[in-house]
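Engineer: Attaching a predicted model along with its sequence, questions to come.
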Amino acid sequence: MKSERFDLPELQTLERLVGLGGKHLDCREVRRIVVAGGPSLPVYAITLGNPDARCPAVGYFGGVHGLERIGAEVVIAYLQNIVTRLHWDRTLHRLLEEVRLVFMPIVNPGGMWASTRANPRGVDLMRNAPVEAQQKVPYLLGGQRWSAGLPWYRGQRGAPLEAESQALCEVVQQELLVRPFSLALDCHSGFGISDRLWFPFAHTREPMPHLAEVHALKSIFEQAHHHHPYIIEPQSAQYLTHGDLWDHLYLQACADHSRTFLPLTLEMGSWLWVKKNPRQLFSRKGIFNPLISHRQQRVLRRHLALLDFMARAAGSHAQWVPVGPQRASGHAQALADWF
């Protein structure tokens with residue numbers, strides 16, 4: 001399981017961790033992305049824990065936008081935390097008897113190799129799904145079909161999903177959507193100065209059907225992490241877009257009312273790093289990533305508790321997911337808080 005690395009250290013680290021995890025991990029190459037005039041790079045999906053479809057699962061995703069390397073690094077850092085604990089942590093093994101963990105740390109290796117937001121074909125994967133916004137979207141930012149030479153390109157109308165988008169969707173469909181309960185966390189950076197946790201929808205300002213469940217998840221997170229740094233809100237509170245992959249997958253999950261799938265996006269506020277180090281403005285990578293080593297290490301530590309919380313929340317979902325009158329009151333409270 002060795003790739004043509006071509007100076008992609010995150011991929012080297014990921015492959016090293018898979019080797020270290022040994023028999024506990026199942027790693028498969030979901031796609032191979034060929035960069036014109038460049039390398040051939042794998043898109044890996046790594047799983048561990050109970051494969052029984054009756055068990056809950058959590059998916060961790062990063063590197064969807066190639067410029068936002070810190071998102072991939074956060075997911076890899078949590079995978080490293082898991083792998084190194086496998087040798088001694090009995091409580092982790094008990095958790096893995098009840099939960100399935102799924103990792104796709106580098107969804108867009110070609111974009112990461114080239115230091116571009118889009119994939120090697122110029123398509124923004126988070127504008128690539130066949131979902132149309134129901135209200136007005138921001139110019140360009142909301143997704144456009146004119147040219148791959150402009151940012152936020154969605155791809156040609158009617159074209160199949162990009163290979164990387166297909167890989168992500170296949171893993172979610174096979175590993176998460178088949179279960180009664182699942183969570184997903186997709187790690188990005190670049191919006192504002194505050195860290196945000198976004199949940200659907202991105203294509204409409206209407207509330208999602210599982211608003212009560214997200215509100216309950218927020219409540220137990222705040223009880224356990226009272227001084228957390230996140231603004232938790234629907235993405236539509238900031239802007240709408242066409243083609244959001246998580247809206248696409250969430251709508252698929254909603255077709256089966258017996259299953260609950262809650263996808264979240266961690267949007268790290270990278271302008272805080274720029275504020276502390278204005279010279280980063282002169283580097284494309286610097287707008288989206290902490291370039292000073294101690295700040296990068298602080299970011300990796302900062303989000304570890306969130307990723308670990310997701311695994312524990314999934315494993316104990318029967319204890320906090322609202323039902324009956326609780327769900328109705330939770331939905332009403334969520335409407336009051338967010339809409």
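Structural biologist: Arrived safely.

Engineer: Please determine how far the closest residue to Ala224 other than its chain neighbours is located from Thr260.
Structural biologist: What sits nearest to Ala224 in space, not counting adjacent residues and going by CB to CB, 6 or more residues apart in numbering, is Phe309, at 6.6 Å. Yep, even glycine has a C-beta here, placed from its N, CA and C like the rest. According to CB to CB, to the nearest Å, Phe309 stands 17 Å off from Thr260.

Engineer: ok, and what's touching the helix or strand harbouring the residue nearest to Ala224?
Structural biologist: Using DSSP states H and E, Phe309 maps to helix 304-315. The contact list for helix 304-315, computed with CB atoms under 8 Å, 6 or more residues apart in numbering, reads 56-58, 60, 74-75, 77-78, 81, 95, 98-99, 101, 181-183, 185, 197, 217, 220-221, 224-225, 228, 230, 264, 266, 320.

Engineer: Sitting in helices, which of those residues do you find?
Structural biologist: Those of the contacts of helix 304-315 mapping onto helices are 74-75, 77-78, 81, 95, 217, 220-221, 224, 320, per DSSP state H.

Engineer: Among those residues, which pair sits farthest apart?
Structural biologist: Using CB to CB, the pair of the ones in helices among the contacts of helix 304-315 lying farthest apart is Ala77 and Trp320, separated by 26.2 Å.

Engineer: more crowded one of these two?
Structural biologist: Between Ala77 and Trp320, counting by other CB atoms under 10 Å, Ala77 is the more crowded of the two (21 against 15).

Engineer: Now do the SS call for Lys261.
Structural biologist: Just to correct that, residue 261 is Phe rather than Lys. What DSSP: H, G, I helix; E, B strand; the rest coil gives for Phe261 is strand.

Engineer: just to revisit the earlier point, burial measure for the residue nearest to Ala224, as a count.
Structural biologist: Other residues within reach of Phe309, judged by other CB under 10 Å, total 19.

Engineer: ok, back up a step: filter the contacts of helix 304-315 down to the buried ones, ChimeraX style.
Structural biologist: The buried subset of these, as determined by 16 or more other CB atoms under 10 Å, is captured in ChimeraX by this line:
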select :56,57,58,60,74,75,77,78,95,99,101,181,182,183,185,197,217,221,228,230,264,266
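
Engineer: now the strands for the stretch 151-300 of the chain?
Structural biologist: Under the criterion DSSP state E, counting those that start in this stretch, the stretch 151-300 of the chain carries strands at the ranges 181-189, 195-199, 230-234, 260-268.

Engineer: Dump the ones you listed to TSV, plus distance to His65 and mean pLDDT.
Structural biologist: Below are the strands of the stretch 151-300 of the chain laid out as TSV (distance: least, CB to CB, whole Å; pLDDT from 0 to 100):
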stretch	distance to His65	mean pLDDT
strand 181-189	6	97
strand 195-199	14	97
strand 230-234	20	98
strand 260-268	11	97
